[in-house]
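[1] Quick check, what structure comes out for this input:
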Amino acid sequence: MSAPTLTRPAPPTPGGPDVQVPRPRRRMSRWIPVLLQLAVLAVIVLCPMFFILAGAFTTDSDRESLFDFGNFTLDNFTVLGSGTARTALLNSAAVGIGASVVALVIGCLLAFLAARTDVPGRKAVYGIAIMPLFLPALVGALAWALLGGPATGYLNLALNAIGLPHLINIYSFAGMVLVLGLYYAPYPFLMVHSALSLMNPDLEDAASLHGARVSQMLRKITFPLVMPAILGSAILVFALTVENFPVAQVIGVPGGVDTLPTLIYRLMNASPARSNDAAAVAVVLTVLLVVVVAFQQRAMGNKQYTTVSGKGVRARRVPLRSWRIPAAVFAWTYFALAVLLPVGALVIAAMQTSPYVADLGQLARPGALSLWGMGQTLTDPDFHSVVINSVVVGVSTAAIGTALCFALAYTRYRTNAPGRKLLEYVAMLPLAVPAIVLGLGLLWTWLALPVPVYGTLAVLVIAFVAVFLPQGYRGVSASIIQLDKDLEDSAIMLGARRRRAITFVTAPLLRVGLSSTFLLLLMLSMRELTAALFLFTSDTRLLSIAIFDAYDNGSFQSAAELSLLYCAVIGVLAVLARRFGSKEIS
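    Numbering: from 1, shown residues only. Below is the predicted model:
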């Protein structure tokens, strides 16, 4: 019997059924996800920044055409040589560093207590840490102006009642750092808590088995593994506090602390408006912050932080022993400073029948407090309109922003698509641009583009997605970095398509990070004031705009009433988001 003859299969006939996809076509298909995402980012991020850049180097401040920018000039940058600009830049940097340190210390400690310790009321610590998100920075600044005003602040009146002098002056550099640190602490908390919750305990167990003390384990294992979240939140908080306008306007300006946002605001509201000078200041700030982001990427780019694998993940609890009570006191003290005292001040201010209070005893007199003004506000049709507008914009921004951030982070860290690093840099660019200037760029963009969205809620949603894209992207990417790619690849090997593997494997494992990002974007969009200042109309007013208008007109009582209702709306939305969103990994 002769041996079988092995024959080489004939090459496929051109045009036959076995024709393979040409290699150039396969290469082009790898570009499709990146090109689609870049197209979205170009519309919502690059176009506004293009207009800002054009405004910084040209003489024309009107943007009615995509290509009409006036004459080229460098004269706009002469504003940076003034003493006012130098002082504003230095103050902004100092405030940003101080507030970032305060926010990181508070946020990281609370995240560690809530995720990894046996502190009394551990589950309540999570609520304490995110509750300041219900108080926007504008509301917090107004509340602390009522509490710590040097003459009639409620805290100073209380000190005066027991024979002590007025010791608190919130209208100062320290006051700005305190308020910003208190109300930006939830951002590092959410990012670090998500990273700590996803951490595989095997590495810590191994360290303990080899004799490492708890302090050594935390210093050499736990904290280095969550370093991406810590560094990402540090840059995020620094950028947000540097560009914060409401706190600088309410607390800094009365105290003579001029910052970059207040300088830009004055330039834009000068007569005539100096928007080109404001754009020049924004360009310089953009370059500086892009360098900071690039340095962070370089520092963290060559290190691995994968801690979630195929094994079950259950974070170990660190016993605090004698520190349990002090840790709980720390958490509740933060709650008192960030929520309890400010809300109490707003309640008193909203119920006052007299705009002036000389002593606390005046509030105890008959008729000194009344709910009549609050009832009038609740029945006002204008209030109903701004509430509906705020809820629609907030929920839409959170849903669209979370989906976009997941797509960007997945493309960056889970694919080999060319140009994926470019996506990250473009997504982070809004972090380096003050919201007040980016709002102006968005105004110019949608006035010039032939898309009829200006004057609608859609333009506010687009603006908020653009402004808060870095925050959402950092929240999702910090979690996806820690997720082992083998889990998704295993589903692919068992026959699942990539889309199904993402839906049933990757997304459920990231439910803590995604739900935290959704909640973060919801709170940020509900709180945002600055980017909306140039985009709202009489039909698209938001709650933040209504509060700022009341403050700007000198009506603190009306601002306090709206602020309390504002916080109630945000609280209801947050509870619903937590109830119907993913549950925390325990």
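[2] Buried residues, the helix or strand hosting residue 235. List them.
    Following DSSP states H and E, one finds residue 235 within helix 227-242. Within helix 227-242, the residues scored as buried using 16 or more other C-beta atoms under 10 Å are 228-242. Every residue, glycine included, has its C-beta placed from N, CA and C.
[3] cool, stretch 125-136 as well?
    In stretch 125-136, counting by 16+ other C-beta under 10 Å, buried: 125, 126, 128, 129, 130, 131, 132, 133, 134, 135, 136.
[4] Just to check, the second one is in contact with residue 194?
    No: proximity of residue 126 to residue 194 does not meet the contact threshold set by C-beta atoms under 8 Å, at 11.4 Å.
[5] what does stretch 331-347 rub up against?
    106, 110, 113, 119, 121, 124-125, 128-129, 131-132, 134-135, 139-140, 142-144, 146-147, 154-155, 182-183, 185, 560, 563-564, 567 (C-beta atoms under 8 Å, 6 or more residues apart in numbering).
[6] Which helix or which strand is home to the most centrally placed residue in the chain?
    Most central in the chain under C-alpha atoms, centre = their mean is residue 471, positioned 4.4 Å from the mean C-alpha point. Residue 471 belongs to helix 469-480 when assigned by DSSP H and E.
[7] what is the rounded mean pLDDT of that helix?
    For helix 469-480, mean pLDDT is 85.
[8] cool, stretch 198-210 as well?
    65.
[9] Got the phi and psi for residue 82?
    Residue 82 adopts backbone torsions of phi -80, psi 150, taken as degrees, to the nearest 10.
[10] Okay, it and residue 410: tell me how far apart.
    Note on residue 82: its distance to residue 410, by C-beta to C-beta, to the nearest Å, is 46 Å.
[11] Mind checking which of those two has more residues around it?
    Shown here are residue 82 and residue 410; by other C-beta atoms under 10 Å, residue 410 has more neighbours (20 against 12).
[12] wait, the more buried one sits on residue 479?
    No: taking contacts as C-beta under 8 Å, residue 410 lies outside contact range of residue 479: 11.2 Å.
[13] and the end-to-end length of stretch 439-457?
    One end of stretch 439-457 to the other measures 14 Å (C-alpha to C-alpha, to the nearest Å).
[14] May I see the buried residues of it?
    Buried residues in stretch 439-457 (16+ other C-beta under 10 Å): 439, 440, 441, 442, 443, 444, 445, 446, 448, 454, 457.
[15] Would you enumerate the residues in contact with the third one?
    Shown here is residue 441, whose contacts under the criterion C-beta under 8 Å, 6+ apart are 47, 48, 49, 50, 51, 52, 55, 433.
[16] Reformat the residues you listed into CSV and put secondary structure, pLDDT and distance to residue 346 next to each item.
    Formatted as CSV, those follow (DSSP: H, G, I helix; E, B strand; the rest coil; pLDDT from 0 to 100; distance: C-beta to C-beta, whole Å):
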residue, secondary structure, pLDDT, distance to residue 346
47, helix, 88, 39
48, helix, 87, 34
49, helix, 85, 37
50, helix, 86, 41
51, helix, 84, 38
52, helix, 83, 36
55, helix, 80, 38
433, coil, 75, 31
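[17] On the three-state scheme, residue 273 is what?
    coil (DSSP: H, G, I helix; E, B strand; the rest coil).
[18] Please apply the same query to residue 152.
    What three-state DSSP gives for residue 152 is coil.
[19] Can you tell me the closest non-neighbouring residue to it?
    Leaving aside its chain neighbours, residue 152 sits nearest to residue 357 (6.0 Å; criterion: C-beta to C-beta, 6 or more residues apart in numbering).
[20] burial count for the one you found?
    18.
[21] Quick check: phi and psi on it?
    Backbone phi and psi, for residue 357 under degrees, to the nearest 10, turn out to be phi -130, psi 120.
[22] That one: what's it in contact with?
    152, 154, 157, 363.
[23] Roughly how far does it sit from residue 363?
    6 Å.
[24] now do residue 509
    53 Å.
[25] Looking at the two, which is more packed in?
    residue 509 (21 against 16).
[26] Verify the stated contact: the more buried one with residue 483.
    Yes: counting by C-beta under 8 Å, residue 509 touches residue 483, with 5.8 Å between them.
[27] ok, residue 458 - how many residues close by?
    Residues contacting residue 458 under the criterion other C-beta under 10 Å number 16.
[28] element containing it?
    Using DSSP H and E, residue 458 falls in helix 457-467.
[29] What is the host helix or strand of residue 130 packed up against?
    Per DSSP H and E: residue 130 is located in helix 122-130. Helices and strands touching helix 122-130, as assessed by 3 or more C-beta pairs under 8 Å, 6 or more residues apart in numbering; DSSP states H and E, comprise helix 83-116, helix 186-198, helix 324-335.
[30] For residue 497, which of these is the nearest?
    Among the helices and strands packed on helix 122-130, helix 186-198 comes nearest to residue 497, with 25.3 Å by C-beta to C-beta.
[31] Tell me what angle the closest one forms with helix 227-242.
    170 degrees (axes from the mean of the first three to the mean of the last three C-alpha atoms, to 10 degrees).
[32] Which residue, other than its chain neighbours, is closest to residue 232?
    residue 474 (4.5 Å).
[33] measure that neighbour to residue 231 for me?
    Here the criterion is C-beta to C-beta. By it, residue 474 lies 10 Å from residue 231.
[34] distance of the nearest residue to residue 429 once chain neighbours are set aside from residue 241?
    Spatial nearest neighbour of residue 429, chain neighbours left out: residue 45 (5.7 Å); criterion: C-beta to C-beta, 6+ apart. Distance, residue 45 to residue 241, by C-beta to C-beta: 21 Å.
[35] and if you look at residue 233?
    In terms of C-beta to C-beta, residue 233 sits 12 Å off from residue 241.
[36] Residue 468: what's it in contact with?
    For residue 468, the contact set (C-beta under 8 Å, 6+ apart) comprises 397, 401, 430, 521, 524, 525, 528.
[37] Secondary structure element holding the fifth one?
    This means residue 524. Per DSSP H and E: helix 511-527 holds residue 524.
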